[in-house]
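S.K.: sequence-free structure coming up:
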């Protein structure tokens, strides 16, 4: 009888979360557990979206000075949550706040323990179970897992010690207790299981483990651990040569995971091993690096994996959230998942079996000429869709947007003897290579969104090249890196476009439409439609509108999801390197909000601290 009661309670929690997503709330980072970022709201349409106006702004910095209009401090990539009229926001100022979603009025504020901040990308909402009411559960940059009462903002009684669980256990720290370890993305939830990844170092080689863990949402107790690098006796362990797996860092899930709530499957997208540009000390395909791994969400038991990059020596983390979609074939819906890493190659997999839904060919790629390195001889390339971003560079492809840009870039290439590249060319040690995509993609961490009615997966991608070279100092390999950008003009050194928004028809694998995303204000009139680099992804609505910020040009935009036509653009005070959200307010209006602070590793001007909320005028 007790077991049946527990199952019934868990099922109720699940239905409450689903109901919130269907009601017009925004209860999870990706709107729903599957990360579709698709809202059922229809009030804002292609016909009226141009009428959107800002209705309120919340300044995250308690010390914000309106006379200056600038808030020195951290930048944010947060997507707020909204449940039943209350909006929840993680700030880079050591606080989590609850706001009235219609007015922006602060309801409560929770101040984190000293010198700690919530994860960059926000919070998870748990609907409660039994005597435990709804909670906000989130990780911190210093490796804590915190649960707050959603109504009051006070630490949840019975969860860990005073509402806090220390994630930096000896097992996770790999015997290296001073290694970096924290969380930069919200956890995923399945029933009463809180699933957490981690942010660990990218170098040096040895450091904290990237294992994924499941915790009890009521007590905070550890339920399961999935070893990101298989231990001796576990499947995949032989993909690491010798003892190269020991104390290895990386191979972590530093971004969002997703869950198939109907089937109880969690999808874990793993990153590269350390050092993420050099692999001579860890020969092999190196599971589960750059792999999408499916596990039983309740137990952590391995179900299947698909490695999209073998022996990663480019920092091509599988970093975008896996998006759950349906592919239609012969009139039948096939449950699928989109896996996409920084190479901008999109894999559409059966989400039950892990099998590709479009043929994949192991394609020969260049060898490495670096001492001891054994680049994997092939990489998987699907027949569809086509790669969504530039993957090579020839010296005759220097940007000609302005004579100054062309001259500056050509002078740099000549002065430093920069070399061209082809896809998957290993980083050399003799002279720097210009490689595409660089470490900022392709797609960046925001990933894509899926419209189930149109069957379109919409994603923003960058054409951001890296100039890199391996260097050896005191017998240890490292690397130098720089953006392939002219510092004098902040424009890319290759021909545009430098940023795109693309829609893929997932049932055919064809590109439905592609448009440039972003403008270069510094370019002359008539040449500004270049596209720009972006961080943060799109959201889609049943009203047929795609919303996206992301770009380093300080714009927030709306597009027609069906055609890709740009419908509305507004200039923000700072760039919005975050993913927006939308919800229906208690007053009946549809609101659209985005965090805009500037900063990020796109080097946008920083100093913003705003959450800006938009709506159509009152009728």
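M.R.: Structure received. What you see is a predicted model, and the numbers here were worked out from it, not measured in a lab. Residues are numbered from 1 along each chain as shown.
S.K.: make it CA atoms for all contacts and neighbour counts henceforth
M.R.: Will do.
S.K.: on the three-state scheme, the residue sitting nearest the centre point of the chain is what?
M.R.: With distances taken as Cα atoms, centre = their mean, residue 445 lies nearest the centre of the chain, 2.7 Å away. Classification of residue 445 into helix, strand or coil gives coil, according to DSSP: H, G, I helix; E, B strand; the rest coil.
S.K.: any idea how far residue 358 is from it?
M.R.: Here the distance between residue 445 and residue 358 works out to 24 Å (Cα to Cα, to the nearest Å).
S.K.: and the residue nearest to the centre of the chain, how far from residue 342?
M.R.: Using Cα to Cα, we find residue 445 at a distance of 9 Å from residue 342.
S.K.: shared neighbours of those two, anything?
M.R.: Contact criterion Cα atoms under 8 Å, 6 or more residues apart in numbering; residues bridging residue 445 and residue 342 by contacting each: residue 319.
S.K.: where exactly do the helices run in the chain?
M.R.: Taking DSSP state H as the criterion, the chain contains helices spanning 2-23, 170-173, 403-416.
S.K.: mean pLDDT lowest where, among those helices?
M.R.: Within the helices of the chain, the stretch with the lowest mean pLDDT is helix 2-23, showing a mean of 57.
S.K.: not counting sequence-adjacent ones, nearest residue to residue 468?
M.R.: Nearest non-adjacent residue to residue 468, counting by Cα to Cα, 6 or more residues apart in numbering: residue 481, 4.5 Å away.
S.K.: verify the stated contact: the one you found with residue 465.
M.R.: No. Counting by Cα atoms under 8 Å, residue 481 does not reach residue 465; the two are 10.2 Å apart.
S.K.: neighbour count for the two, which is higher?
M.R.: Shown here are residue 481 and residue 465; by other Cα atoms under 10 Å, residue 465 has more neighbours (28 against 15).
S.K.: next, that one: phi, psi?
M.R.: Backbone torsions of residue 465, given as degrees, to the nearest 10, read phi -80, psi 160.
S.K.: contacts only, for it.
M.R.: Contacts here follow Cα under 8 Å, 6+ apart; on that basis residue 465 touches 434-439, 483-485.
S.K.: if you rank the residues you listed by neighbours, which is first?
M.R.: If you count neighbours using other Cα under 10 Å, the busiest of those is residue 436, which has 30 neighbours.
S.K.: tell me the pLDDT of that one.
M.R.: If you check residue 436, the pLDDT there is 97.
S.K.: sorry, back to before: reformat the contacts of residue 465 as a markdown table; add distance to residue 507.
M.R.: A markdown table is the format used below for the contacts of residue 465 (distance: Cα to Cα, whole Å):
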| residue | distance to residue 507 |
| --- | --- |
| 434 | 35 |
| 435 | 31 |
| 436 | 28 |
| 437 | 26 |
| 438 | 29 |
| 439 | 29 |
| 483 | 36 |
| 484 | 35 |
| 485 | 37 |
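S.K.: which one of those residues is nearest to residue 27?
M.R.: Distance to residue 27 across the contacts of residue 465 (Cα to Cα) is lowest for residue 439, with 30.5 Å.
S.K.: name the nearest residue to that closest one, sequence neighbours excluded.
M.R.: Nearest to residue 439 is residue 315, by Cα to Cα, 6+ apart, at 6.1 Å.
S.K.: and the one you found, how many residues sit next to it?
M.R.: 23.
S.K.: pull the number of nearby residues for residue 520.
M.R.: Burial of residue 520, expressed as a neighbour count using other Cα under 10 Å, amounts to 19.
S.K.: ok, the nearest residue to it once chain neighbours are set aside to residue 401 distance?
M.R.: In space, residue 520 comes closest to residue 528 once its chain neighbours are excluded; the distance is 4.8 Å by Cα to Cα, 6+ apart. Distance check for residue 528 against residue 401: by Cα to Cα, it reads 9 Å.
S.K.: the more surrounded of these two?
M.R.: Neighbour comparison, residue 528 and residue 401: the larger count goes to residue 401, with 19 against 15 (by other Cα under 10 Å).
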